[in-house]
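**Student:** just the structure for this:
(2 chains)
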Amino acid sequence: MKGLAHENYFAHPTRLVNHHKRAKLMNQFSESDDLRHKMEREKAQHREALIDKSSHDIAQMTADENQALICELQVHQIELIMQNEELINTQQNLRKSQNDFERIYDLAPIAYLTLSQHGLIQQANKAATALLNQPLTSLLSQRFEKFIHIDDQDAYYLFFRSLQKEQSSTHLITRITVPNHASYEPHCHGLDFYQCSPNECPHNRTMTYLELTGVIDNRETDEPTIYLALKNVTSYKVLEDTLACLNNKQADRIKVQQTDLIIHRQLLSATTAELQQSYQTSSELKNTSTHIFNASSEGIVMLNLLGVIESTNTTACLLLGYDEAELLGIAFNQLLMSPLFTESSVSLLLQDNQDSISSSYKVEGRHSNGTIVPLSLSLVIFTLNQINHFAVVIRDNSLRLRQEQHEKEHLAEIAHMTRLSLIGSMGSGIAHQVNQPLTAISNYSQACIQLIKAEQPDLTKLREVLTKTYEQTQKAGKIIHRMKDLASQRTTSRSMTSINALIENASNFYAYECYHHNINVTLDLNPNIPNIAIDSVQIEQVLLNLIKNAMDALKEQLSESDKSISIQTQLNNGLEVRIKDNGPGLTDLQKEKILMPFYTSKASGMGMGLSISRSIIEAHGGTIYFNSKLSFGTTFYFNLPINGEQL
Amino acid sequence: MKEMVSTATVYVVDDEVDLLDSISILLNTLGLNVKSFTSAEAFLKNYRPSESECLILDVMMPSMSGLDLQTVMLQRV
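**Tutor:** Now for the predicted structure:
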């Protein structure tokens, strides 16, 4: 019976489990065993006493004694039968639990392997065959290490060694060469975050990872057996690898970003330094311009396009008698007697001022104390931050006007003085000019006498002649009046005057003298020249002076060659008057000094003529200049602006 | 002055219109036949010699003066 049980035990594949099971069963029956052993011991003694008897003894035994022996043998027989039944019963129980374990073993989700001490596979459950992807028959007697990934062979060897040595359970995580059929392909975040390419990913996601847990059992036999539990940890490992990979990539990226940040910070600090530098420069510039702005002797006001004051300098405040704070934000028009900035004037200014040429205005300003201040404004449009502004430069004309008035009076005095000397030189011309109407009057009056003498006077004719006489007296009177004007000390006054008429008059004064010196005077006057606002006496003085100079130059000529003066007017840079002679021309020294006061080449001259002429022309906003070439003659030009506004 | 009627012509040449006019009127009122010209050139152009005539010339005239005209007229005689 015992031998059968033993054989069964070895024949069964799940020896490990059965070993434990049997121990448990033994335990279950231990009490009845003790009792049985006790009885068996008593009976054995009794039996030995019987069995020790030889066959001879048995032959000599009595019938009673035989009867007793048979009876005892029968008891033993019954006893043995009972024991046998009991054993069969136990065997059935054992087989039943063995079947249970076989099912559990094969249905276990974790793969189990039984290895020999040399690492040969001796047994595998269904999970193990599935994991290693081979049928049980081909797995048996194969070395398990064959399945271990080549890189993990060393680790497996150490694991196996420590299992044999330590005699206790040991863990190892390893890879096997069997492909991962679960096709575990989680969506890797690296594809999104780091633009990883699935083809270039270094992680082999088809690899199977196992966690091996092993124990060794060498209690039963001399040859120890190794039991391995194989847990598939692929998904966990893949996740772990992916995480590690992502962490590395993130760390790399952070490093790159950090480097970028450092570079950016450096750039930023460089830019900041630059900005600070330029801010400093611009603030210095601003300070400088503010100083200039405030130190300007002329008022400066900045306006927006609506004519509202945005800033002013101190001079502007002084001119109008306000504090700067009072002026800011108010309309510039409020400071003027009549508004300058209207919608139409602003749009006109914007059109005309594209090239930021300043426009000038003469206006009357309203001082804070109520007085009216004559102002002249220069307007410039400028663009700041793509917005147009007006810069208004304000000049106090009351001061300027006073100065100008003073200068004019001064000029008038000197002009008068020089005019008197001019008149002195015009004596014969004046006489001739006055003489003509007087002669005409004389003739007309004699004619009248003749007409009256007639028996029947022709009154119509008489009236006609008397009218002509009257006209001649008027003409003579005008000449006298003009002489008086020239000779008198008078304040300047401007009126619209024909420059051509002035030239004709002036040339008439010298016509007589010119004739006597064989000088041919020609006039070439442009009839399109408009009347302009001038002081006619002063301009006539200039004309007389220039004609006289030309005449004097020609008088010096001894030769009998043609001497001529030509006077021309034309429209050129305003109005231009040209007085040309073909006299001896000027030396370089004369050219240099001729316009300066007190310079003269004439014995009787004061040297003031040209100097005062220049002052008069300049006071009229014009210019005077000359061209001269030795032995070819001299030409004097002067220009006067036609626009009366600008005078 | 006694008024006389004559066929003689007085030629007056003067560039000064007012003087020319006044002289012409005066001579006319005296009963003379007067022809007036404002320049020597105009006179020469229109002059037709006759039996008796008189020339009154202004000396000072532009281009041809009275003296020049006199010279021309003397040459023609």
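**Student:** count the neighbours of the closest residue in space to A:Leu575 that isn't next to it in sequence for me.
**Tutor:** In space, A:Leu575 comes closest to A:Leu640 once its chain neighbours are excluded; the distance is 4.9 Å by Cβ to Cβ, 6 or more residues apart in numbering or on different chains. No exception for glycine: its C-beta is placed from N, CA and C like everyone else's. A:Leu640 is flanked by 23 other residues according to other Cβ atoms under 10 Å in any protein chain shown.
**Student:** correct me, but A:Leu640 touches A:Gly621?
**Tutor:** Yes. Shown here, A:Leu640 and A:Gly621 form a contact pair, counting by Cβ atoms under 8 Å, at 7.2 Å.
**Student:** if we can go back for a sec, against A:Lys38, how distant is the residue nearest to A:Leu575?
**Tutor:** 165 Å (Cβ to Cβ, to the nearest Å).
**Student:** for B:Ser50, same thing?
**Tutor:** From B:Ser50 over to A:Lys38 (counting by Cβ to Cβ), the distance is 213 Å.
**Student:** what does A:Glu284 give?
**Tutor:** 124 Å.
**Student:** what do you get for A:Glu513?
**Tutor:** If you go by Cβ to Cβ, the gap between A:Glu513 and A:Lys38 works out to 189 Å.
**Student:** who's more crowded, those two?
**Tutor:** Of the pair A:Glu513 and A:Lys38, A:Glu513 is the one with more neighbours under other Cβ under 10 Å, namely 19 against 10.
**Student:** how far away is the residue nearest to A:Gln117 when sequence neighbours are not counted from chain B?
**Tutor:** Distances taken as Cβ to Cβ, 6+ apart put A:Pro224 closest to A:Gln117, at 4.9 Å, once the chain neighbours are dropped. A:Pro224 sits 158 Å away from chain B, going by Cβ to the nearest Cβ, to the nearest Å.
**Student:** which residues touch A:Pro224?
**Tutor:** When contacts are counted by Cβ atoms under 8 Å, 6 or more residues apart in numbering or on different chains, A:Pro224 touches A:Gln117, A:Gln164, A:Ile216, A:Asp217, A:Asn218.
**Student:** if we go to 10 Å?
**Tutor:** A:Pro224 makes contacts with A:Leu115, A:Ser116, A:Gln117, A:Leu163, A:Gln164, A:Gln167, A:Ile216, A:Asp217, A:Asn218, as judged by Cβ atoms under 10 Å, 6 or more residues apart in numbering or on different chains.
**Student:** buried subset of the residues you listed?
**Tutor:** A:Leu115, A:Leu163, A:Gln164, A:Ile216 (16 or more other Cβ atoms under 10 Å in any protein chain shown).
**Student:** re the thing from before, take the contacts of A:Pro224 and keep only those in strands.
**Tutor:** The strands, defined by DSSP state E, take in A:Leu115, A:Ser116, A:Ile216, A:Asp217 from the contacts of A:Pro224.
**Student:** find the nearest non-adjacent residue to the first one, please.
**Tutor:** Spelled out, it's A:Leu115. Of all residues beyond its chain neighbours, the one nearest A:Leu115 is A:Ile226 (4.2 Å), with distances taken as Cβ to Cβ, 6+ apart.
**Student:** what are the buried residues along the biggest helix by length in chain B?
**Tutor:** For chain B, the helix that runs over the most residues, judged by DSSP state H, is helix B:17-29. By neighbour count on 16+ other Cβ under 10 Å, the buried set for helix B:17-29 is B:Asp18, B:Leu19, B:Leu20, B:Asp21, B:Ser22, B:Ile23, B:Ser24, B:Ile25, B:Leu26, B:Leu27, B:Asn28, B:Thr29.
**Student:** no more questions from me, cheers.
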